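1. Model the following, please.
(chains A and B)
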There are 2 protein chains.
Amino acid sequence: MSPESRREQLLELGTQLLSTRTLEELSIEVLAEEAGISRGLLYHYFGNKQEFHVAVVRRAVEQLVAITAPRDIADPLEQLAVSIGAYLDYVVENHTGYVSLVRAAAGGNEEVRTIYEEGRRALIDRIFEINGPEQLAQLGIEDSPGLRLMVDGWGAMTESVILAWIEDPHGLSREDLLHRLAVALPAIALAR
Amino acid sequence: MSPESRREQLLELGTQLLSTRTLEELSIEVLAEEAGISRGLLYHYFGNKQEFHVAVVRRAVEQLVAITAPRDIADPLEQLAVSIGAYLDYVVENHTGYVSLVRAAAGGNEEVRTIYEEGRRALIDRIFEINGPEQLAQLGIEDSPGLRLMVDGWGAMTESVILAWIEDPHGLSREDLLHRLAVALPAIALAR
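-> Here you go, the predicted structure:
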């Protein structure tokens, strides 16, 4: 196996381990034990703990962006609900690691924050890529910098509501939740 | 001056100092120097650095809740915009300290997080106190646990949008921003 493939494989394993561990709990030692190789070899691949964490977080964010990619769904609100559903499932399945990633990003780990914000940026920008000016115009929405600011806010709301819903669904089914979050986007954009 | 008044005065000074400093920069040493008293006396009043920070954060959150208190405004959306405006002004005036408080709360300082979340809870619950079931019914909104979850999400959106707007207004005036955030609340509640 080439060093690149080996590193790739270790990164996959690290990302899997992160799903049920916080970033703090995910050490080079833990990965070495799970992979059955020496710590020295892992340091060779990842340099140090922070670089290892950054590589794992980057991979986790790439996965999140990939699994929420648009399917071939004509109705834009249904498309949005499906993407939010994929995001929700990811957060449920990787809850411990995801929460610790959000905390690290919010709490001042600058490298983790940068990767996390790039991921959020990619997810939000995709909404505008799928729904170009014509689709927005059909919904009565005019693209503008102010709109972008509010849509970013919708992204923050979606993340916050999903984390709260996982702790306590407040009587909302998964389907109800996804629908409410999807219809909130044009509602926010169109509210006057 | 009684010990209570003296502690109170020091707490006011600490909260003022926090406005232009991060929590990490606000040490017992800094307060001692500004107040012109000994560090020993400050340790007597506040115990240790974490207890001092907790007392200052609690005071800051109390101030935030107080200055956003409803005025005597009949129109609920105008009332909401005025309260959001007071919140915005507070964040602008205390930007360094406020951002560090949010980071500490999000990043795992559990005591700071608890106080911060109690403050957010108080701000959101007030919306429902002012707008009782009758006012909500007039707007076509039915109170429900699912609604509470979405309104909490609106709160997270508002905080996020305000912090982003301070960094880059995206061409939105203060008035436009407050209006957009206020009308977003019933829009989110009513979207189907």
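2. Dump the C-alpha coordinates for the helix or strand hosting residue A:180 into PDB.
-> Assessed by DSSP states H and E, residue A:180 sits inside helix A:174-190. Extracted in PDB, the C-alpha atoms of helix A:174-190 (Å, rounded to 0.1, in the frame of the first residue of the first chain):
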ATOM      1  CA  ARG A 174     -38.400  14.200  11.800                       C
ATOM      2  CA  GLU A 175     -40.600  14.900   8.800                       C
ATOM      3  CA  ASP A 176     -42.300  17.900  10.500                       C
ATOM      4  CA  LEU A 177     -39.000  19.300  11.600                       C
ATOM      5  CA  LEU A 178     -37.400  19.000   8.100                       C
ATOM      6  CA  HIS A 179     -40.500  20.600   6.500                       C
ATOM      7  CA  ARG A 180     -40.500  23.500   9.000                       C
ATOM      8  CA  LEU A 181     -36.800  24.200   8.500                       C
ATOM      9  CA  ALA A 182     -37.200  24.000   4.700                       C
ATOM     10  CA  VAL A 183     -40.200  26.400   4.400                       C
ATOM     11  CA  ALA A 184     -38.500  28.800   6.900                       C
ATOM     12  CA  LEU A 185     -35.900  29.600   4.200                       C
ATOM     13  CA  PRO A 186     -38.200  31.300   1.700                       C
ATOM     14  CA  ALA A 187     -40.300  32.700   4.600                       C
ATOM     15  CA  ILE A 188     -37.300  34.500   5.900                       C
ATOM     16  CA  ALA A 189     -36.200  35.600   2.400                       C
ATOM     17  CA  LEU A 190     -39.600  37.000   1.500                       C
END
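3. Using the three-state scheme, assign residue A:25.
-> coil (DSSP: H, G, I helix; E, B strand; the rest coil).
4. Now do the contacts for it.
-> With contacts taken as CB atoms under 8 Å, 6 or more residues apart in numbering or on different chains, residue A:25 has no neighbouring residues. (Each C-beta comes from the backbone N, C-alpha and C, glycine too.)
5. Could you report the pLDDT at it?
-> Residue A:25 is assigned a pLDDT of 95 by the prediction.
6. ditto for the one 3 residues further on
-> Looking at residue A:28, its pLDDT is 94.
7. what's the neighbour count on residue A:61?
-> Using other CB atoms under 10 Å in any protein chain shown, residue A:61 has 22 neighbouring residues.
8. which SS class is it?
-> helix.
9. Quickly note the distance from the spatially closest residue to it that is not a sequence neighbour to residue A:64.
-> Setting aside the residues directly before and after it, residue A:61 is nearest to residue A:119 in space (CB to CB, 6 or more residues apart in numbering or on different chains), at 3.8 Å. The span separating residue A:119 from residue A:64 equals 6 Å under the rule CB to CB, to the nearest Å.
10. so who does the residue nearest to residue A:61 touch?
-> A:61, A:62, A:64, A:65.
11. Which pair of the residues you listed spans the longest distance?
-> A:62 and A:64 (7.3 Å; CB to CB).
12. Return the member of the contacts of residue A:119 nearest to chain B.
-> For the contacts of residue A:119, the minimum distance to chain B (CB to the nearest CB) is 17.5 Å, reached by residue A:61.
13. unless I'm mixing things up, that closest one is touching residue A:118, no?
-> Yes. Using CB atoms under 8 Å, residue A:61 is in contact with residue A:118, at 7.3 Å.
14. any residues in contact with both of these two?
-> With CB under 8 Å, 6+ apart, residue A:61 and residue A:118 have no common neighbours.
15. hmm, back to that, more neighbours, residue A:62 and residue A:64?
-> residue A:64 (21 against 14).
16. list the contacts for the more buried one?
-> A:87, A:90, A:119, A:123.
17. pLDDT for those - can I get that in CSV?
-> Output for these, formatted as CSV (pLDDT from 0 to 100):
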residue, pLDDT
A:87, 97
A:90, 97
A:119, 96
A:123, 94
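18. tell me what the helix or strand bottoming out on mean pLDDT in chain A is packed against?
-> Here the helix or strand of chain A ranked lowest by mean pLDDT, DSSP states H and E is helix A:133-138, holding a mean of 76. Helix A:133-138 is packed against no helix or strand, with contacts defined by 3 or more CB pairs under 8 Å, 6 or more residues apart in numbering or on different chains; DSSP states H and E.
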